[in-house]
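Participant: Build me a structure from this.
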Amino acid sequence: MNPKHPSESLTILTDLVLPSETNPLNNLFGGELLARMDRAASISARRHSRRIVVTASVNHVAFNRAISLGSVVTVEAKVSRSFKSSMEVFIDVWVEDRESGNRTKANEAIYTFVAVDDTGRPVEVPPIVPESELEILRFEAALRRKQLSLLLAGKIKPEEASELKALFIS
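Facilitator: As a prediction, the model looks like this:
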């Protein structure tokens, strides 16, 4: 299976925050943002794998800034690392200033997707070859996150978490 670059999975969704999507403070509902991120990440994972994909987990979400009514929101998703049948997708959320057009990072998230066949069975996905400095950092960190998740779920033993041990033992 030929390796792919993260840029090949880049998905950008831009939309406006409407009144029906806001809470009493006129900020975008967190659940609405999660849905937008899930859609973008799903498209990104599908572009990488060229298969049906299902959300396996939401590993991290940071709601760092409120997103107000009328804001232009851009969700950018890109596969940061692939494993046998799973893919970690890193999502950045940007808000555009109405007057200057400058973009500010508002939120981020990390989702995991699994590629499946028509019967729902996991299938192998292409490896990732990161290119930029940020892609390399996210690629390397993805293995630590996966090992931590497996360790917490009791699927690996602490001594098998080599990447995690390397953080604490020099």
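Participant: ok, the nearest residue to residue 111 once chain neighbours are set aside - contacts?
Facilitator: Closest residue in space to residue 111, ignoring its immediate chain neighbours: residue 41 at 4.3 Å, by CB to CB, 6 or more residues apart in numbering. Any C-beta I mention is one placed from the backbone N, CA and C, and that applies to glycine too. Residues near residue 41 by CB atoms under 8 Å, 6 or more residues apart in numbering: 11, 55, 77, 89, 91, 109, 111, 113.
Participant: Residue 41 - that's part of a strand, no?
Facilitator: No. Per DSSP: H, G, I helix; E, B strand; the rest coil, residue 41 lies outside any strand segment and is helix.
Participant: any idea how far residue 91 is from it?
Facilitator: 6 Å (CB to CB, to the nearest Å).
Participant: shared neighbours, these two?
Facilitator: 77, 109, 111.
Participant: so residue 52 touches residue 118, yeah?
Facilitator: Yes. Between residue 52 and residue 118 there is a contact at 7.2 Å, judged by CB atoms under 8 Å.
Participant: Can you verify residue 92 is assigned to a strand?
Facilitator: Yes. Residue 92 forms part of a strand when assessed by three-state DSSP.
Participant: residues in contact with it?
Facilitator: Residue 92 neighbours (CB under 8 Å, 6+ apart): 75-76, 105, 107-108.
Participant: can you give me the helices for the chain?
Facilitator: For the chain, the helices defined by DSSP state H occupy 30-49, 133-152, 162-168.
Participant: Looking at those, spot the one closest to residue 71.
Facilitator: Of all these, helix 30-49 sits nearest to residue 71, with 11.0 Å by CB to CB.
Participant: tell me how far that closest one is from the chain's mean position?
Facilitator: Put simply, helix 30-49 sits 8 Å off its chain's centre (CA atoms, centre = their mean, to the nearest Å).
Participant: what about it, average pLDDT?
Facilitator: For helix 30-49, mean pLDDT is 98.
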